[in-house]
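Asks: just the structure for this:
(one chain, ligands or ions: 4)
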Amino acid sequence: MSAAIISPRTTSEEPGNVKVLKSVCRSCHGGCSTLMHVSDGELLKVEGDPEGPLNHGKLCPIGAATTELVYHPDRLKYPQRRIGPRGSGKWERITWDEALDEISERVLAIREETGPESIAMGTGTGRHHIRWVSRFGHALGTPNWCEPGFAQCFHPRVNTCIQTMGDLPVCDFTGDVDPELIMYWGHNPPHSGPDGETRFNVRESLLSKPRIITIDPRQTVVARKAELWLQVRPGTDDALALAFINVIINEDLYDREFCENYTHGFEELAAHVHEFTPEWAEPITWVPADKIRAAARLFAELKPAMLEWGCAIEHTPNTIQTVRALSLIPALTGNIDVPGGWIFGMKGAGRFPSLIENLDPEVEKKRLGYEKYKMLCGEGADLPACHIPSLIDAMLYGEPYRVRAFLVFGNNTLTTYANTKLVYEALMKLDYMVCADLFMTPTAELADIVLPAASWPELNQIAALPTIAGNVVMGQQKVVQIGECKSDEEIFVELARRMDLPVCQESVEDVLDQMLENGGQSVNFRGLAEQGWIHVPQKYRKYETEGFKTPTGKLELYSTRFEAMGYEPLPYYEEPPESPLSTPDVAEKYPLVLTTGGRISVFFNSEHRQLPLCRRGHPEPLAEIHPDTAAEYGIEDGEWMWIESRRGRIKQKAKVTDRIEPRVVHCEHGWWFPERDGPDYGIWESNANVLTDNRAPFDPQMGTYQLRGLLCRVGKLEAGDEEFGPPELQAATAQAATAN
Ligand SMILES: Nc1nc2c(c(=O)[nH]1)N[C@H]1C(S)=C(S)[C@@H](COP(=O)(O)OP(=O)(O)OC[C@H]3O[C@@H](n4cnc5c(=O)[nH]c(N)nc54)[C@H](O)[C@@H]3O)O[C@H]1N2
Ligand SMILES: Nc1nc2c(c(=O)[nH]1)N[C@H]1C(S)=C(S)[C@@H](COP(=O)(O)OP(=O)(O)OC[C@H]3O[C@@H](n4cnc5c(=O)[nH]c(N)nc54)[C@H](O)[C@@H]3O)O[C@H]1N2
Ligand code: SF4
Ligand SMILES: [Mo]
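Replies: Ligands and ions are numbered 1, 2, ... in the order given. The predicted structure follows:
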């Protein structure tokens, strides 16, 4: 590996016994280098490190609120055991020894009685400990671990690209060449900055004034900067991408040299997309054919060009083929692994020891979804996880076997899984549930034991970013201890030791050292934490010497691996299962298209509503609706409106704006009200997932469900309208509604 660039400044001492230590913010997917001002074990201040390679000194409002997070009075500070019935909100304080002993005893007993697969592990997106959750699960012998982002976010992109081009491409934000064009597709990174491309390197990439195309039903920040804004109907990105490919091939705009030498299946793809003209796509996508043509031409003409794609394309049951179609646009135009384009990362931290080899092969086959969703749960997955709707069914109905225990480390299940009411019923049926979190949440209230987790300044980790690519490797170091909080990683090691599991007993720091060694780094974790970060120099056009890591050695426009797994080798369009076109009868009653979850810059998914710095600018949940549509339903800006789908009804405040397609309503996700009383904290009132569905059909490869492009109706909230609970009532109607 060529010489790495390390951060120029290390830990320093300041007057008055204040130490300034380097670390990296992980309040979102992470990546902003920080300077942590610490004195006598107290975290005084957190500021952006001006030398930070991904943020150059900046922090977003969430990062700026770090001390509010760390010292929040509502933080869980010691383990607790529930003393009333499940969900009654009655708790007693216990010691760590009592908590860990009880968990070990109960979990091992369930494993003995009904097999390891009857225990499931859960976690949240992109967390420092995400891979540790699967590691501990594998050590315990269960194949069932899950994360709501695996089928719905990022991993469809990861697994599709690994299968068809051998690796996940990321935008070349840390190189020296500026892109001529950036196409933002279902992605609003100045607010979200996901997966380690911090919102700041995204903003910096705009300073060179690239031309911009944006594909979004809403006029976002990046749509306002775009010369072409395609206001797509939610859930139809597959059709739009096929039309782009049609134009690029039919008009001979592709990179002939790259396609001839480095791709497989060009002829098949060309024949396949022949019929998918912009005129074919227009009535499906609501985007005028001439605009599609102009955008496809512009993307093909300007080089280097980047595709910035977001999770909107992964929130439909045709996720994999949508991702496939989009990924072929930079491929056909020769923007792969070139400066200023889409690059394959340098993997500066070695592969994480997931301990998957510890799983009994017979038990592995029992992973929920294993046979069906091979890209999520089986041979097509980079790190196989279980299928969440199948897990909910296993909890509820005992099919194909009963899942009795759920150990959740960092996920507010009731806010971020689809179909909250059914999920609530499933959690209520568990024999045993453990929840580790920073705060008491509506989900944690359903657990038997709640554990106080450490927040990011309270723990040691490595952040290798962008995720999967690992061009920058950062040290995140523990600078403060709050109450009796422990990091999730430490909890897993302690549980493994107490259960005397065959693996997973080495210390956290030993594992981190091992990863750095595997990545070819000469420093250990301590050294990395001291120096802050390592920037691994990028090598380009690696395929010229190494080929692509696929069966043909080429970038597979026609996927031989998909074909071998029994899936379609060429991308196709499939109308979402609930939409104006596929269910016109439903659309009669629910005439508007609903999309959910566009990111809010001051909150991360269901988090941060407790933090005054974050909440004060965004106190209420907001639903966007066009002025013409609002007028039709008698809704005024700033008023509460109700939003209803076949699954249920919630309320959010109307944000009347002409920046949204008139036929589309957008509602925010992740809402609960930590300031209200438990145990439900208003979870049924404004939570978008009361409206979404987790029933089939799913993506045939990934098992993905529909979070965007659903059907809804809306109205002004009148007195006496507030029927948002109780959950028992709504849960009963949820199943009836989805059966229709
Ligand atoms: N501040 C903050 N940052 C975050 C998060 C957060 O909650 N807050 N969450 C993190 C997570 S888990 C993720 S996955 C990322 C997500 O971040 P992004 O990938 O940027 O995705 P979103 O903001 O959810 O949605 C992007 C855009 O998709 C549009 N959209 C909605 N439906 C469709 C559709 O069907 N097609 C198209 N083309 N566009 C559509 C929305 O209007 C929205 O503007 O952000 C991460 N970063
Ligand atoms: N309707 C709708 N639903 C969606 C989406 C959408 O766009 N629309 N987006 C989906 C996507 S892309 C994703 S990735 C998921 C996100 O879903 P998740 O990533 O699971 O997010 P949360 O449910 O907010 O769970 C995070 C929890 O972890 C806790 N936490 C934070 N740090 C730590 C820690 O270090 N340790 C522990 N133990 N706990 C911690 C927080 O307090 C919070 O309760 O949501 C999905 N759900
Ligand atoms: S963008 Fe993410 S990593 Fe950066 S300061 Fe904000 S929360 Fe922290
Ligand atoms: Mo996500």
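Asks: next one: the closest residue to ligand 2 within the stretch 551-700 of the chain from Arg256, what distance?
Replies: Residue of the stretch 551-700 of the chain nearest ligand 2, by C-beta to the nearest ligand atom: Gly597 (2.1 Å). Placement of C-beta: from N, CA and C, glycine included. Counting by C-beta to C-beta, to the nearest Å, the gap from Gly597 to Arg256 is 40 Å.
Asks: quick check: residues of the stretch 151-300 of the chain near ligand 1?
Replies: Taking C-beta under 6 Å from any ligand atom as the contact definition, the stretch 151-300 of the chain meets ligand 1 at 153, 185-189, 191-194, 215-218, 220, 232, 234-235, 237.
Asks: would you mind naming what in this protein lies close to ligand 4?
Replies: Those residues of the chain that sit near ligand 4, judged by C-beta under 5 Å from the ion, are Thr125, Gly149, Cys153.
Asks: from this structure, which residue is nearest to ligand 3?
Replies: Counting by C-beta to the nearest ligand atom, the chain gets nearest ligand 3 through Gly63, at 2.3 Å.
Asks: Glu530 contacts Lys22, correct?
Replies: Yes: when contacts are counted by C-beta atoms under 8 Å, Glu530 is listed as touching Lys22 (7.5 Å).
Asks: those two: which is more packed in?
Replies: Lys22 (27 against 15; other C-beta atoms under 10 Å).
Asks: so the more buried one sits in a strand?
Replies: Yes: Lys22 sits within a strand when classified using DSSP: H, G, I helix; E, B strand; the rest coil.
Asks: that one pairs with what?
Replies: Leu35 (DSSP bridges).
Asks: now for the residue in the chain positioned nearest to ligand 4: which residues touch it?
Replies: Residue nearest to ligand 4 within the chain (C-beta to the ion): Cys153, separated by 3.1 Å. Cys153 is in contact with Thr125, Cys311, Glu314, His315, counting by C-beta atoms under 8 Å, 6 or more residues apart in numbering.
Asks: any chance of the residues you listed in CSV, with neighbour count, pLDDT and distance to ligand 1 too?
Replies: Below are the contacts of Cys153 laid out as CSV (neighbours: other C-beta atoms under 10 Å; pLDDT from 0 to 100; distance: C-beta to the nearest ligand atom, whole Å):
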residue, neighbour count, pLDDT, distance to ligand 1
Thr125, 23, 93, 4
Cys311, 24, 94, 4
Glu314, 27, 96, 8
His315, 29, 96, 7
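Asks: so of the residues you listed, which ones are in strands?
Replies: Among those, DSSP state E puts none in strands.
Asks: can you list those in a markdown table and add distance to Asp628?
Replies: A markdown table is the format used below for the contacts of Cys153 (distance: C-beta to C-beta, whole Å):
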| residue | distance to Asp628 |
| --- | --- |
| Thr125 | 36 |
| Cys311 | 28 |
| Glu314 | 30 |
| His315 | 26 |
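Asks: quick one: secondary structure of Ser601?
Replies: Going by three-state DSSP: Ser601 is coil.
Asks: for Gly193, see how far away it is.
Replies: 9 Å.
Asks: okay, these two: which has more neighbours?
Replies: Per other C-beta under 10 Å, whichever of Ser601 and Gly193 has more neighbours is Gly193, with 25 against 18.
Asks: and the residue lying closest to the more buried one once chain neighbours are set aside, how far is that from Val602?
Replies: With sequence-adjacent residues excluded and distances taken as C-beta to C-beta, 6 or more residues apart in numbering, Gly193 is closest to Arg199, at 3.1 Å. Counting by C-beta to C-beta, the gap from Arg199 to Val602 is 12 Å.
Asks: of these two, which one has the most company?
Replies: More neighbours surround Arg199 than the other of Arg199 and Val602, with 23 against 20 (other C-beta under 10 Å).
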